[in-house]
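Chemist: pasting the structure only:
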């Protein structure tokens with residue numbers, strides 16, 4: 001049994017890129033992360049029907065990947081499933097890795113996978129027509145948290161995506177917004193994810209002015225199977 005969250009979130013997107021975007025198709029069995037690392041700002045990464053099992057990060061910082069789009073290719077139904085196999089370091093998990101290793105020097109820990117699946121640090125990211133899954137039932141060994149999407153970026157756009165998580169995962173957040181200025185949630189309806197300790201469909205942490213306006217409520221569906 002798993003929780004399914006059908007999500008249509010439209011968060012305002014500011015186009016800052018120049019030039020022409022390339023479209024790269026990643027076949028099932030190939031690495032989305034490799035495509036992200038090789039992408040130029042503004043590129044489109046398309047996925048095919050099947051399951052891609054990876055821990056992903058769209059990079060921020062000095063070598064940020066900005067205005068990337070990751071979407072289903074036309075007529076395709078891809079699933080991105082967290083591998084929950086990556087130890088959080090700055091090299092592999094960006095800001096989360098830096099914080100984890102800093103706190104580990106004080107209190108220990110930081111030696112287990114971070115359980116946060118898909119991390120977005122790059123501003124202007126668009127995720128479209130995807131199923132994003134993290135079926136972990138545990139949190140990480142520093143924050144005791146897990147998430148389908150961990151957002152640390154401005155102007156992220158999430159369109160027509162399904163988020164899946166295990167119903168008995170006490171530390172799970174569907175969309176976990178650590179930092180960033182997300183201008184508007186345009187579409188959310190029927191928030192009915194079962195509340196448990198530390199569990200929430202959308203969770204805000206240190207984000208500044210994250211929700212400027214709740215414009216409309218149109219789709220947010222809970223189901224289990």
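Modeler: Perfect, I can see it now. Bear in mind the structure is a predicted one, so any value in this text is a computation, not a measurement.
Chemist: now what about stretch 127-137, what contacts it?
Modeler: Outside of stretch 127-137, the residues within contact range by C-beta atoms under 8 Å, 6 or more residues apart in numbering are 2, 47, 69-72, 77-82, 84, 115-118, 120, 146-149, 156-166, 168-170, 172. From N, CA and C alone the C-beta is placed, and that goes for glycine too.
Chemist: What are the boundaries of the helices in this protein?
Modeler: For the chain, the helices defined by DSSP state H cover 32-38, 90-107.
Chemist: Residue 25 is nearest to which of the ones you listed?
Modeler: Nearest to residue 25, of all the helices of the chain, is helix 32-38, at 9.0 Å by C-beta to C-beta.
Chemist: counting contacts, what elements does that closest one pack onto?
Modeler: strand 23-26, strand 44-47, strand 56-58 (3 or more C-beta pairs under 8 Å, 6 or more residues apart in numbering; DSSP states H and E).
Chemist: ok so, going back, export the helices of the chain as a markdown table, with columns for mean neighbour count and distance to residue 53.
Modeler: Converted to a markdown table, those look like this (neighbours: other C-beta atoms under 10 Å; distance: least, C-beta to C-beta, whole Å):
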| stretch | mean neighbour count | distance to residue 53 |
| --- | --- | --- |
| helix 32-38 | 16 | 10 |
| helix 90-107 | 16 | 16 |
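Chemist: Among those, show the one with the smallest mean pLDDT.
Modeler: Lowest mean pLDDT within these: helix 90-107, a mean of 86.
Chemist: For that one, name the packing helices and strands.
Modeler: strand 56-58, strand 118-120, strand 146-152.
Chemist: swap the cut-off to 10 Å and go again
Modeler: Packed against helix 90-107 by the contact rule (3 or more C-beta pairs under 10 Å, 6 or more residues apart in numbering; DSSP states H and E) you find strand 56-58, strand 118-120, strand 146-152, strand 172-179.
Chemist: and residue 21, which of those is closest to it?
Modeler: Residue 21 lies closest to strand 56-58 among those, at 14.9 Å (C-beta to C-beta).
Chemist: Show me what the closest one is packed against.
Modeler: Strand 56-58 packs on helix 32-38, helix 90-107, strand 118-120, strand 146-152, going by 3+ C-beta pairs under 10 Å, 6+ apart.
Chemist: Ok, which of these comes nearest residue 57?
Modeler: That would be strand 118-120 among those, by C-beta to C-beta, at 4.3 Å.
Chemist: Parallel or antiparallel, list what pairs with that closest one.
Modeler: Strand 118-120 has the following strand partners under DSSP bridges: strand 56-58 (parallel), strand 146-152 (parallel).
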